[in-house]
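> Dropping the sequence and predicted coords here.
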Amino acid sequence: MKMSKHVINDRMDRLLYIAQYVGWGETLLEVYSEENNHRYCLTTTGVIIVKAPADEFMVTAFVGNIEKVAKLYHLAGFDNVPTRIYQKVMKNKVHLTKQNKYKGA
């Protein structure tokens with residue numbers, strides 16, 4: 001997958017952190033947001049990958065918090081986050097503060 005200069009220059013430490021401590025997982029859900037013209041992919045590990053609208057071009061990626069994950073499920077037409085994903089996202093709370101030291105969330 002191609003990556004934006006933002007990812008390469010500003011977020012590479014975060015991507016390496018995700019790869020080492022959280023894992024990328026498999027795509028569970030992919031939704032398009034008209035609000036900011038991006039596609040959001042939620043993975044089985046609770047990582048959110050932000051892509052350009054029309055191709056496989058990574059804009060950024062981060063460990064999702066429950067609010068962002070719930071918003072993605074809502075955009076996809078679901079009322080609730082599945083229990084197993086909710087539990088994974090809640091376990092990832094420890095990673096949220098650690099990823100923040102890698103140039104912000």
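Great, that's in hand.

> Could you use CA atoms for every contact and neighbour count after this?
Noted.

> separation between the residue of the chain most remote from its centre and Ile85?
In the chain, Asp79 marks the outermost C-alpha relative to the chain mean, sitting 19.4 Å out by Cα atoms, centre = their mean. For Asp79, the distance to Ile85 equals 14 Å [Cα to Cα, to the nearest Å].

> Pick out the residue nearest the middle of the chain.
Ile48 (1.0 Å).

> any idea how far the helix or strand where Leu16 lies is from the chain center?
Per DSSP states H and E: Leu16 is located in helix 12-17. Averaging C-alpha positions (Cα atoms, centre = their mean, to the nearest Å) puts helix 12-17 13 Å from its chain's average.

> in stretch 41-61, what counts as buried?
41-53, 57-61 (16 or more other Cα atoms under 10 Å).

> Correct me if wrong: the residue farthest from the centre of the chain contacts Tyr73.
Yes - here Asp79 reaches Tyr73: they are 7.1 Å apart, a contact under Cα atoms under 8 Å.

> before we move on, the earlier item: pull the contacting residues for the residue farthest from the centre of the chain.
Tyr73 (Cα atoms under 8 Å, 6 or more residues apart in numbering).

> So for the closest residue to Ala76 other than its chain neighbours, what's the pLDDT?
Closest residue to Ala76 apart from its sequence neighbours, by Cα to Cα, 6 or more residues apart in numbering: Val31 at 6.0 Å. Confidence at Val31, expressed as pLDDT, is 96.

> Val31 belongs to a strand, doesn't it?
Yes - counting by DSSP: H, G, I helix; E, B strand; the rest coil, Val31 is found in a strand.

> any idea how far Tyr40 is from it?
For Val31, the distance to Tyr40 equals 5 Å [Cα to Cα].
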